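Colleague: Build me a model from this:
(one chain, ligands or ions: 2)
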Amino acid sequence: MDIEVKKKRFLKGIISVPGDKSISHRAVMIGSIAEGITEIENFLLGEDCISTINCMKNLGVDIELKGTNVKVHGKGLYLNKSEKILDVGNSGTTIRLLMGILAGQKFETTLTGDDSIKRRPMGRVITPLSMMGAKIEAREGNFAPLTVFGNKLKGIYYKMPIASAQVKSSIMLASLYADDKTTIEEPYPSRNHTELMFSSFGAKVEVTGTKITCYPGYKLQGQKIVVPGDISSAAYFIVAATIVPNSEVTIQDVNVNHTRTGIIDVIKEMGGNVVLTNERVVNNEKVADITIKTSRLKGIEIGGSLIPRLIDEIPVIAVAAVFSEGKTVIKDAEELKVKESNRINTITSELKKMGAKIFETEDGMIIEGTGFLKGNTVESYNDHRIAMSLWVAGLMAEGETKIKNAECVNISYPDFYKTFDML
Ligand SMILES: O=C(O)C1=C[C@@H](OP(=O)(O)O)[C@@H](O)[C@H](O)C1
Ligand SMILES: C=C(OP(=O)(O)O)C(=O)O
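Modeller: Ligands and ions are numbered 1, 2, ... in the order given. Predicted coordinates for the structure are as follows:
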């Protein structure tokens, strides 16, 4: 499907965004290996999270879905062997986290996914899981399809070469099956939803600085989880309401966990007007309403420990940078090359087609803020974050912008275009 977007004169309204993708995946997976029932409210009905539900069902977990309510009948740590090859679709989180659970099972499981998943590196989880005792056979040692042969696992100390919540969470899930404690050291803190959820389910986790230690042998007990709104989905409205003139938008009930709020810090540092109200804690996670008003932005430098706190928001930050005064430099973001698309390359090439002065670098991009884009036909590369970022760019472009293969927003935000049209 192609979609057309036109320049907007203003954006005004109060909205909410769908449930957080990271928390939705984790609630189903951790609920599946817990004891008793886990009830999830405001689950994200995006294709990625549906892939997680389908995989867990194939592993013998009874899961009921009614609207955005999910009831998971936990099986405890040990699942049933799947009759089928598990298909994770487009979801990196599903395959990598699931590998951690499968490493400790008493059977083997083969996992595969779409063309994008088959290009994404799995060696980053194969290495630590193998150190724990798992046996994993992957195409070229690094790619799906791959088979995880469950085994008896041992606790390890692992210093992660990259800040990745998926790698960390995969090891943490495997640590539940180990004979001793496991410690993971991160170069920078990445999103900590697994740590917070382990604690609420009754597992023992200790965090000191960038070290996380997990202990096996604690019973996980099913919980009631209300999933807060996804700040990665809110990011498109935060940027759009900042750059489209005469705008004021409030987004209710958004997860504002510090490991996820890099987008708010960046927009504020650029000069944006973003205010959090009604702050509270739900299931160990911070939640707030976010109000954004149009502002004049200036270019800044973004890198280091900020990167894992806004990794999925970088394509839309590039759009904000086009409408800022001066130069924005994004560095230390090589991880973008191994997402659903090579996001450094895809966002750069498409914004260039719209007239942006944006340049690809080895580990990020440089954007000269020109304050101007022109409509053109652009490609999503079947990457939901690229499609949504180009939509925001289209709201500010002169003339009409046509986004090709725009239906990929279903991965994380099926009602994305509809919600924007309401403002
Ligand atoms: O753990 C998670 O839920 C996620 C972690 C991030 O990936 P990495 O761990 O590869 O950085 C992020 O890009 C992805 O959208 C979701
Ligand atoms: C990178 C993403 O997800 P995943 O790694 O789960 O495919 C994303 O949602 O931007």
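Colleague: contacting residues around the residue of the stretch 251-400 of the chain found nearest ligand 2?
Modeller: Taking Cβ to the nearest ligand atom as the measure, the point where the stretch 251-400 of the chain comes nearest ligand 2 is residue 312, at 4.0 Å. Yep, even glycine has a C-beta here, placed from its N, CA and C like the rest. By Cβ atoms under 8 Å, 6 or more residues apart in numbering, the residues touching residue 312 are 232, 235, 339, 385.
Colleague: Just to check, residue 108 is in contact with residue 148?
Modeller: Yes. Using Cβ atoms under 8 Å, residue 108 is in contact with residue 148, at 6.5 Å.
Colleague: out of those two, which sits in the more crowded spot?
Modeller: Set residue 108 next to residue 148 and count neighbours by other Cβ atoms under 10 Å: residue 148 wins out with 27 against 16.
Colleague: Break the protein into its domains for me.
Modeller: The record's domain split for the chain, according to automatic domain parsing, is 3-19+228-422, 21-226.
Colleague: Tell me, how many residues neighbour the residue lying closest to residue 398 once chain neighbours are set aside?
Modeller: Nearest residue to residue 398 in three dimensions, chain neighbours excluded: residue 374, at 5.0 Å (Cβ to Cβ, 6 or more residues apart in numbering). When neighbours are defined as other Cβ under 10 Å, residue 374 has 13 of them.
Colleague: swap in residue 92?
Modeller: The local packing of residue 92 (other Cβ under 10 Å) involves 20 other residues.
Colleague: With residue 177 instead?
Modeller: If we define neighbours as other Cβ under 10 Å, then residue 177 has 24 of them.
Colleague: Run a quick neighbour tally on the nearest residue to it once chain neighbours are set aside.
Modeller: Excluding its sequence neighbours, the residue lying closest to residue 177 (Cβ to Cβ, 6+ apart) is residue 104, at 2.6 Å. Applying other Cβ under 10 Å, we find 26 other residues in the vicinity of residue 104.
Colleague: Would you agree residue 104 is in contact with residue 172?
Modeller: No. The criterion here is Cβ under 8 Å, and residue 104 misses it with residue 172 at 11.7 Å.
Colleague: Near ligand 1, which residues of the stretch 1-150 of the chain are found?
Modeller: Where the stretch 1-150 of the chain comes near ligand 1, counting by Cβ under 6 Å from any ligand atom, the residues are 22, 93.
Colleague: Which single residue in the stretch 1-150 of the chain comes nearest to ligand 1?
Modeller: Ranking the residues of the stretch 1-150 of the chain by distance to ligand 1 (Cβ to the nearest ligand atom) places residue 22 first, at 3.2 Å.
Colleague: What's the first helix or strand after the one helix or strand that residue maps to?
Modeller: According to DSSP states H and E, residue 22 maps onto helix 21-32. Stepping forward along the backbone from helix 21-32, the first helix or strand reached (DSSP H and E) is strand 35-41.
Colleague: Now that following strand: average pLDDT?
Modeller: Model confidence over strand 35-41 averages 98 on the pLDDT scale.
Colleague: elements contacting the very next helix or strand once past it?
Modeller: Beyond strand 35-41 on the C-terminal side, the first helix or strand identified by DSSP H and E is helix 47-58. Contact analysis of helix 47-58 by 3 or more Cβ pairs under 8 Å, 6 or more residues apart in numbering; DSSP states H and E lists helix 21-32, strand 62-66, strand 86-87, helix 92-103 as its packing neighbours.
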